[in-house]
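> Below are the sequence and a predicted model for it; my questions follow.
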Amino acid sequence: MGAVGPRIDAGIERSDLARVVILGAGFSGHTAALFLTRRLGRSHDVVVVSPNSNWNWIPSNIWVGVGKMSPAKVVFPLAPIYRRKKIDFRQARAVALRPEGDADNARGPWTWSTPTRREPRRPNASVTTT
């Protein structure tokens with residue numbers, strides 16, 4: 001058992017696996033994604049949808065404002081970290097959340113997003129959360 005408790009992916013069926021979609025990669029979203037990846041294990045999916053490609057360590061912004069730190073010291077790109085942690089990162093703006101699904105689509109809960117940067121592989125995308 002680690003600092004976050006036991007992993008819960010041992011001995012479960014594929015139909016019992018989770019896909020967690022986290023909207024936003026700010027302080028809470030980023031922390032939740034890293035925590036859930038450790039806690040749930042690799043057999044579950046963690047997806048982060050955020051319009052920003054970088055994470056900003058907000059408590060240190062005051063030092064940037066007074067010239068004691070450079071902006072490069074308090075901002076870092078999210079994609080390399082999420083790639084290393086096997087977290088599916090979608091740089092996009094969530095525009096719809098359907099936790100109960102909808103009448104037109106029987107696939108269950110889903111989230112619709114619009115990319116905030118050019119990415120030919122993912123124009124508009126939905127993430128099914130089941």
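Received the coordinates, thanks. Keep in mind it's a predicted model, so treat the numbers as computed, not measured.

> can you give me the strands for this protein?
For the chain, applying DSSP state E gives strands covering 19-23, 45-50, 54-56, 75-77, 88-98, 110-115, 125-128.

> Turn those into TSV, columns for mean neighbour count, distance to T31 and mean pLDDT.
In short, each C-beta sits where N, CA and C put it, glycine included. Output for the strands of the chain, formatted as TSV (neighbours: other C-beta atoms under 10 Å; distance: least, C-beta to C-beta, whole Å; pLDDT from 0 to 100):
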stretch	mean neighbour count	distance to T31	mean pLDDT
strand 19-23	17	10	89
strand 45-50	22	11	92
strand 54-56	16	10	89
strand 75-77	13	15	92
strand 88-98	17	15	83
strand 110-115	18	20	67
strand 125-128	16	20	57
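
> Which one, of the ones you listed, ends up nearest to K68?
strand 75-77 (15.4 Å; C-beta to C-beta).

> Give the other helices and strands that the closest one contacts.
strand 54-56 (3 or more C-beta pairs under 8 Å, 6 or more residues apart in numbering; DSSP states H and E).

> Where does the prediction get shaky in the protein?
Scanning the chain for pLDDT under 70 picks out 1-16, 99-130.

> and the longest helix for it?
The single longest helix within the chain, with elements called by DSSP state H, is helix 27-40.

> one step back: looking at the strands of the chain, which is nearest to I62?
strand 54-56 (12.4 Å).

> ok, that closest one: who's next to it in the sheet?
Strand 54-56 pairs in its sheet with strand 75-77 (antiparallel), by DSSP bridges.

> measure S53 to A79 for me?
Taking C-beta to C-beta, to the nearest Å as the measure, S53 falls 7 Å from A79.

> any shared contact partners between the two?
Common contact partners of S53 and A79 (C-beta atoms under 8 Å, 6 or more residues apart in numbering): Q91.
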